[in-house]
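> Sharing a model that was predicted from the sequence below.
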Amino acid sequence: MSKQDEIDQLNTLIPPCLEVLNGRLVDFDLEEQSCEMAFDVSEQYCHSINVVQGGNVTVMLDAAMAHAAFIVDRDIVALPSLEIKVSFLEPTLAGPLRARGKVIKLGNSIAFLEGSLINGAGEVSARATSTAKLVRRTKKLS
């Protein structure tokens, strides 16, 4: 399977909460344990004058971080967040955005992740770190 085929397959699994933000996986790097997602956020997800509401910024960062873990370890079936810290560095405006997620460490039951959100001007508008619980596929005994 080609890398693009894998991306296409993973995009068939995008949940509705990311579809409404026009989210999709666009790239991943297994060696760097990272991925990149693209979003095109409409003004309906903004508060005052075209600024994307912080919860939606967090959704995009969380999605990119989780997708990085899903790509690195295909036995992960869920990744409930235990803690997320988001730093809002610049206003995130509606329009095209990129979210990058990276695995810092995968343990037996806990993942440490980081992410960044890049605005249309190429600036980092938000950064996040996350600690998440790993839920792995149960292996059947032979």
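Alright, I've got the coordinates. Everything numeric here is computed off the predicted structure, so don't read it as measured data.
> which other helices and strands contact the top helix by length along the chain?
Longest helix of the chain, by residue count under DSSP state H: helix 54-72. Using 3 or more CB pairs under 8 Å, 6 or more residues apart in numbering; DSSP states H and E, the elements in contact with helix 54-72 are helix 3-11, helix 16-19, strand 24-29, strand 34-41, strand 81-88, strand 95-106, strand 110-118, strand 124-133. For the C-beta atoms, the positions are set from N, CA and C on the backbone; glycine is no exception.
> and that helix, which residues are buried?
In terms of neighbour count (16 or more other CB atoms under 10 Å), helix 54-72 has its buried residues at 56-72.
> got a list of contacts for the helix or strand of the chain with the lowest mean pLDDT?
The least trusted helix or strand in the chain, going by mean pLDDT, DSSP states H and E, turns out to be strand 46-47, with a mean of 90. The contact list for strand 46-47 (CB atoms under 8 Å, 6 or more residues apart in numbering) reads 52-53, 93-94.
> how about a cut-off of 7 Å?
52-53, 94 (CB atoms under 7 Å, 6 or more residues apart in numbering).
> what do you get for stretch 82-94?
41-43, 46, 50-52, 54, 57-58, 61-62, 117, 119-120, 123-133.
> same check, this time on stretch 109-119
Contacts of stretch 109-119 (CB under 7 Å, 6+ apart): 57, 60-61, 64-65, 68-69, 79, 90, 92-93, 97-105, 124-134.
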